[in-house]
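sequence and predicted structure are below.
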Amino acid sequence: MLLEMLTRKKPTDEMFVRELSLRQWVKASIPYKIMEVIVGNLLRTEQGNDAIAAQGDVFAITELELECGKELSEERIGIKDVIIKLNKIKSQML
C-alpha cells in the first residue's frame, strides 16, 4: 500500500501488464530514477517549498517498503528491524 501512496499508481494500472508489477517498477528505479517514480506532490509543502524529505530519505523509505513487501514471508524483514530502520530514517530527517 505504501508503494501505491508514494507513486499514485495501483498494481492494476495499465502499465503493469504481463511480467511488470508495481513492485518491480519501483525496484528497478532505485537508486537513479527514484525521484521520477515518487510523485513530486508528496515532496512539497503547501507553500510550494521543497519538503525536508531528501532523495536519500525517500530512497531509504522505499527500500524498506520493498523489504517488507517481499512475496515470501520468510524473506521479509522482521518487525524489530523495521522499527530500528524507521527510527534511523526519522533521526536523519530531523
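Received, thanks.

tell me the contacts of Glu16?
Careful, residue 16 is Phe; it's not Glu. Residues in contact with Phe16 (C-beta atoms under 8 Å, 6 or more residues apart in numbering) are 9, 22, 25. (Each C-beta comes from the backbone N, C-alpha and C, glycine too.)

to clarify, my last question referred to Ile34.
Contacts of Ile34 by C-beta under 8 Å, 6+ apart are 26, 55, 58-59, 62.

try it again with 6 Å
Going by C-beta atoms under 6 Å, 6 or more residues apart in numbering, Ile34 touches Phe59.

how near is it to Leu3?
Per C-beta to C-beta, to the nearest Å, Ile34 is found 12 Å from Leu3.

residues near Leu20, how many?
11 (other C-beta atoms under 10 Å).

can you tell me the SS state at it?
Here Leu20 is coil, with the state taken from DSSP: H, G, I helix; E, B strand; the rest coil.

for it, grab phi and psi.
phi -90, psi 130 (degrees, to the nearest 10).

and what of Pro11?
Torsion angles, degrees, to the nearest 10, at Pro11: phi -60, psi -20.

sketch out the low-pLDDT regions of the chain for me.
Counting by pLDDT under 70, the ranges of the chain that qualify are 39-55, 94.

please enumerate the helices of it.
Per DSSP state H, the chain carries helices over the ranges 2-7, 22-29, 34-37, 55-68, 79-93.

any chance of these in JSON lines, plus distance to Asp13?
Output for the helices of the chain, formatted as JSON lines (distance: least, C-beta to C-beta, whole Å):
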{"stretch": "helix 2-7", "distance to Asp13": "9"}
{"stretch": "helix 22-29", "distance to Asp13": "7"}
{"stretch": "helix 34-37", "distance to Asp13": "13"}
{"stretch": "helix 55-68", "distance to Asp13": "17"}
{"stretch": "helix 79-93", "distance to Asp13": "27"}
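
can you say which of these is nearest to Glu14?
helix 22-29 (11.9 Å; C-beta to C-beta).

tell me which other helices or strands the closest one touches.
Contact partners of helix 22-29 among helices and strands, from 3 or more C-beta pairs under 6 Å, 6 or more residues apart in numbering; DSSP states H and E: none.
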